[in-house]
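Undergrad: Provided below for reference: sequence and predicted model.
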Amino acid sequence: MLRWFLLIVSLIGMFLSGCGGKGTSWNNPPSFGKVLIRMPMPDSTADGQSQISFVTVKVTGPEISTPIVKELEFNPQTNSWEGVFEVPSGIDRLFYVEAKDSAGNVLYKGSAKSDVKPNTVTTVTIHLYIEQGSLGIVSISITFDNPYLGIGKIPVCVGHFTKPGQNPNYGSVVPESQIAEQYEIIQRFCNAVRTYSSTHGNEHAAKYAQQFGLKLHLGVWIGSDDNANDAEIKSAIQLADQGLVDSIIVGCEVLLRGDKTEEELIAYIDKVKSRVSVLVTYAETWGIWWNNGNGRQELANAVDYIMIQCHPYWEKIPAEQAVNHIASAYDKVKSLYPNKKICIGETGWPSDGLANGMAVPSEVNQRRFLTEFVEWARVNNVDFFVFEFFDEPWKSGEPYGVGTHWGFLLLTIRLSRRF
């Protein structure tokens, strides 16, 4: 009988002191953070698990010149492998775990990344899962990477076309089973979701958002095809009638692309508003809402609240100045529409690709930007959605090669055979 051994490492940062409004300093980590790590063993121990004689944790990352290595000890009272040690505070600490038998053979391995902050305790729990299969012994390693552990659940933008070959421009339909898998992951780290379409399988998001207790801000894709637009609106109204959505976003950057005029767009918004009881808005770049200080009052009057999209990367703003840039853009738009709630519907930072002026894509800059942005938004009571949860392979044609690198959750599965 083949056993598949699956190791998942999950990291949870628990703050000992609250977040301040000035953001987090990521340069020259001033101190150490304590790490509590444990690997509980199942009550019914399988053969592979009973063979574990050593569990080793290695920590690497920026500013860590020599890897930190810690041997865990087995605690029979808790039936767990456990250890406590200190790690220099900073971004992007990689925890690599190996469980070995008495001969030094690796039975399980896995890794995960987390930020470690001063005055913070990071709890690392290693979970062993077993799936019964066919023949031999196969060890599966999963790298689970979520950079925001420790700051709670956040609202996110989700594009569902996450598998190679899926492309909304070519009529791809996302299977319901794929949506279900995505939301089982999303609900662990998020409290609200913004989507972009109500057809081609995207409508299944409403069912699973409700199942997992997520607020859903449903997207209606408005393009140049009137028939497709009508199908999107019809689906969104049906989902709203079922009580599955919290608000509806009629169109995203329609004016930027030039797919419809402002008058045509307002007609679509009015059509949806006349049929639903939830709030209705439209998402557009902050610059188009700003309109050189002139605003777009007719469009603003048509929506219940204003949703702006602000990406400092595309405006060539360096990561260390990005949050200040967003704050300035937010204040400008707010000054034009003082009686409207302003929501930041998209903002993010790419983890890879080419620099755009002073804006440099990297995992570290992505973590820095999004951590500082979330802290700023919470302190200033600004509603927001982080762009985006998953990478989307179909966006490979975007400038500077960043299109496939906006997702902040990286889930990589690697298989290594051991006979």
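TA: Right, received. Where do you want to start?

Undergrad: Can you classify A192 by secondary structure?
TA: Recorded secondary structure, A192: strand (DSSP: H, G, I helix; E, B strand; the rest coil).

Undergrad: What separation do you get for it and E363?
TA: 24 Å (C-beta to C-beta, to the nearest Å). Just so you know, the C-beta spots here come from the backbone N, C-alpha and C atoms, and that holds for glycine as well.

Undergrad: and what of F95?
TA: Taken as C-beta to C-beta, the span from F95 to E363 is 15 Å.

Undergrad: Same drill for those two, tell me which one is more crowded.
TA: More neighbours surround F95 than the other of F95 and E363, with 25 against 19 (other C-beta atoms under 10 Å).

Undergrad: The more buried one against V116, yeah?
TA: No: with contact defined as C-beta atoms under 8 Å, F95 does not count as touching V116 (9.7 Å).

Undergrad: Can you pull the residues that touch both of these two?
TA: Listed as contacting both F95 and V116 by C-beta atoms under 8 Å, 6 or more residues apart in numbering are V35.

Undergrad: Mind jotting down where the helices sit in the protein?
TA: 47-50, 176-189, 204-211, 226-241, 254-257, 262-273, 286-290, 297-302, 322-336, 363-379 (DSSP state H).

Undergrad: pLDDT of the fourth one, averaged?
TA: When you say that, I think you mean helix 226-241. Average pLDDT, helix 226-241: 98.

Undergrad: The fifth one now?
TA: In this model, helix 254-257 has a mean pLDDT of 98.

Undergrad: Identify each buried residue in that helix, please.
TA: V254, L255 (16 or more other C-beta atoms under 10 Å).

Undergrad: on contacts alone, who are the packing partners of it?
TA: Helix 254-257 sits against helix 262-273, strand 279-285, with contacts defined as 3 or more C-beta pairs under 8 Å, 6 or more residues apart in numbering; DSSP states H and E.

Undergrad: how near is G293 to L336?
TA: G293 is 7 Å from L336, by C-beta to C-beta.

Undergrad: For these two, indicate the residue with more neighbours.
TA: Neighbour count, other C-beta under 10 Å: between G293 and L336, L336 has more, with 18 against 8.

Undergrad: Enumerate every residue touching the nearest residue to that one once chain neighbours are set aside.
TA: Leaving out its chain neighbours, the residue that sits closest to L336 by C-beta to C-beta, 6 or more residues apart in numbering is G295, at 4.0 Å. Going by C-beta under 8 Å, 6+ apart, G295 touches W289, L336, Y337.

Undergrad: tally of neighbours for the nearest residue to the last one once chain neighbours are set aside?
TA: What that stands for is Y337. With C-beta to C-beta, 6+ apart as the criterion, Y337 has its nearest non-adjacent residue at 5.2 Å, and that residue is A300. Neighbours of A300 under the rule other C-beta under 10 Å: 17.

Undergrad: per-domain residue ranges of the chain.
TA: 3-145, 154-409 (automatic domain parsing).

Undergrad: which stretch in those is the model least sure about?
TA: Among those, domain 3-145 scores lowest, at a mean of 67.

Undergrad: Can you tell me how far F74 is from G90?
TA: The value you get for F74 to G90, if C-beta to C-beta is used, is 30 Å.

Undergrad: Could you do R38 as well?
TA: R38 is 23 Å from G90, by C-beta to C-beta.

Undergrad: Kindly report the same for S235.
TA: 46 Å.

Undergrad: Skipping its backbone neighbours, what lies nearest Q211 in space?
TA: Y183 (7.3 Å).

Undergrad: count of neighbours near that neighbour?
TA: Neighbours of Y183 (other C-beta under 10 Å): 23.

Undergrad: Would you quantify the distance from the residue of the chain most remote from its centre to N380?
TA: When distances are taken from the C-alpha mean of the chain, A103 lies farthest, 40.0 Å away, according to C-alpha atoms, centre = their mean. Distance, A103 to N380, by C-beta to C-beta: 57 Å.

Undergrad: Run through the residues that contact S396.
TA: G403, T404.

Undergrad: Please report how far it lies from S351.
TA: 15 Å.

Undergrad: L409 too?
TA: Applying C-beta to C-beta to L409 and S351 gives a distance of 11 Å.
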